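Chemist: kindly return the folded structure for what I paste below:
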Amino acid sequence: MGSGSNGGEPTLPVASVARRLGVAPSTLRTWDRRYGLGPSRHTDGRHRRYGTSDIGRLELMQRALLRGASTAEAARYALEQMPKSVVAMTTSAGSSRASLRIETPEGSLLLPAEHPAEDSDGPSRLARRLSTAALAMDVGSVQRMLAETIDDVGVLAAWEGVIEPVLSALGARWRGASAGAEVEYLLAECVFAALVRATPVLDAPRNQRPVLLGCVPEERDSMAMYALAACLAERRVGTQLFGVPLPAEVLAVAVRRSAPAAVVLWARRADVGDPRLFARVSRGRQRTRMFACGPGWDAQALPANVELFDDVASAAERVEYVLVGAGR
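Modeler: The predicted structure is shown next:
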């Protein structure tokens, strides 16, 4: 786990633990001072270091925070589940790996188990760090993590493995409530900004006519279209994005005037995915490929000329292939 040890158990200094958990060192010191969730090991009689059980308690605290507990409640839960006398956190398999299960009103969201032996951060650890920073309202850390993750693994992997799972978990947890909603709003603003930065203006896009991306009227969750625009930009496919949902008549005019090569309309909610919208926007002489994306569409009700995608990954792959063929 780290360079130091005590009695054979690896230990880490506060800075290393802070990086691992995605929080500021000052946050760890506050949790230690207020709630007793600090390191229990000493080196040279002065420097205190975190052992396996200390980090395990902090991870339990993070899970409780994700479920909506206050900081004090989360700390109490962690100490109850893993008292200070416990040496190490283990699973039934006898390892220190543990999946992160987030309970939401829409069911459980399970982020994959961490692999401590991995040299680099995996999706589950990055998701933990991002969640923790958002819950702490640490906007600087959230912005840095998003930028670094997108730079390291690309937009699609960052979206599917880290950003979208955390957005879904936190959004579902506080949907319809005022308490805790500020975390969702903060994270959403940071994600919007990160995706926009990851969508450069292409000097020479591979497609001659753009791909128009938009939401159906009344659909307020446009984040997936920002992710799709960034994914297509990585593939040098130019897009025209309307992040704000347009009224049907305005959308039809936008399609007619921009003459896109393809139109992708996003719907998350089933009550807003009206298949008649495609007939309204496809009128005219210009041939335009029509695509529906998201869980809000009824596949059986869509017109025959409209292709349905379940997610951003399949949409990016298929749109690229249809417009410019395989390869980048």
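
Chemist: pLDDT below threshold where in the stretch 151-300 of the chain?
Modeler: For the stretch 151-300 of the chain, residues meeting the criterion pLDDT under 70 lie at 171-180, 283-286.

Chemist: what segments of it are strands?
Modeler: Assigned by DSSP state E, counting those that start in this stretch, the strands in the stretch 151-300 of the chain fall at 211-215, 239-242, 262-266, 289-293.

Chemist: now tabulate these in TSV and tack on distance to residue 73.
Modeler: Bear in mind the C-beta positions are built from the backbone N, C-alpha and C, glycine included. Shown next, in TSV, are these (distance: least, C-beta to C-beta, whole Å):
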stretch	distance to residue 73
strand 211-215	37
strand 239-242	41
strand 262-266	37
strand 289-293	39
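
Chemist: and residue 151, which of those strands is closest to it?
Modeler: The closest of the strands of the stretch 151-300 of the chain to residue 151 is strand 239-242. By C-beta to C-beta, the value is 20.5 Å.

Chemist: strand partners (parallel or antiparallel) of that closest one?
Modeler: strand 211-215 (parallel) (DSSP bridges).

Chemist: show me what the partner strand is in contact with.
Modeler: 221-222, 225, 228-229, 232, 237-243, 245-246, 251, 254-255, 258, 260-267, 319, 323 (C-beta atoms under 8 Å, 6 or more residues apart in numbering).

Chemist: may I see the strands of the stretch 151-300 of the chain arranged in a markdown table, with distance to residue 191 and mean neighbour count as well?
Modeler: Converted to a markdown table, those look like this (distance: least, C-beta to C-beta, whole Å; neighbours: other C-beta atoms under 10 Å):
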| stretch | distance to residue 191 | mean neighbour count |
| --- | --- | --- |
| strand 211-215 | 16 | 25 |
| strand 239-242 | 15 | 19 |
| strand 262-266 | 15 | 26 |
| strand 289-293 | 18 | 22 |
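
Chemist: how deep is the nearest residue to residue 297 once chain neighbours are set aside tucked in, by neighbour count?
Modeler: Of all residues not flanking residue 297 in the chain, residue 273 sits nearest, at 4.4 Å (C-beta to C-beta, 6 or more residues apart in numbering). For residue 273, the neighbour count with other C-beta atoms under 10 Å is 22.

Chemist: wait, doesn't residue 273 sit right on residue 299?
Modeler: No. Here residue 273 does not reach residue 299: they are 10.3 Å apart, not a contact under C-beta atoms under 8 Å.

Chemist: my guess is residue 31 contacts residue 24. True?
Modeler: No. Residue 31 is not in contact with residue 24 according to C-beta under 8 Å; the separation is 10.8 Å.

Chemist: so those two - more neighbours on which side?
Modeler: Taking other C-beta under 10 Å, residue 31 and residue 24 do not tie; residue 31 has more neighbours (20 against 15).

Chemist: tell me the mean pLDDT over the strand or helix carrying that one?
Modeler: Assigned by DSSP states H and E, residue 31 falls within helix 25-35. Averaging pLDDT along helix 25-35 yields 82.

Chemist: and what of stretch 132-149?
Modeler: 88.

Chemist: residues in contact with it?
Modeler: In contact with stretch 132-149 (C-beta under 8 Å, 6+ apart) are residues 21-24, 27, 62, 65-66, 126, 129-130, 158, 162-163, 166, 170, 182-183, 186-187, 190-191, 193-194, 197.

Chemist: try it again with 6 Å
Modeler: 21-23, 62, 65, 126, 130, 158, 162, 183, 187, 190, 194 (C-beta atoms under 6 Å, 6 or more residues apart in numbering).

Chemist: out of the residues you listed, give me the one that has the most neighbours.
Modeler: Of the contacts of stretch 132-149, with other C-beta under 10 Å as the count, residue 158 tops at 29 neighbours.

Chemist: any idea how far that one is from residue 20?
Modeler: Distance of residue 158 to residue 20, computed by C-beta to C-beta, to the nearest Å: 19 Å.

Chemist: same question for residue 80.
Modeler: 23 Å.

Chemist: more neighbours: which of the two?
Modeler: More crowded of residue 80 and residue 20, by other C-beta under 10 Å: residue 20, with 21 against 9.

Chemist: which strands or helices does the helix or strand hosting that one pack on?
Modeler: Taking DSSP H and E as the definition, residue 20 sits inside helix 14-21. Counting by 3 or more C-beta pairs under 6 Å, 6 or more residues apart in numbering; DSSP states H and E, the packing neighbours recorded for helix 14-21 are helix 25-35.

Chemist: let's see that with 7 Å instead.
Modeler: Packing partners of helix 14-21 (3 or more C-beta pairs under 7 Å, 6 or more residues apart in numbering; DSSP states H and E): helix 25-35, helix 52-66.
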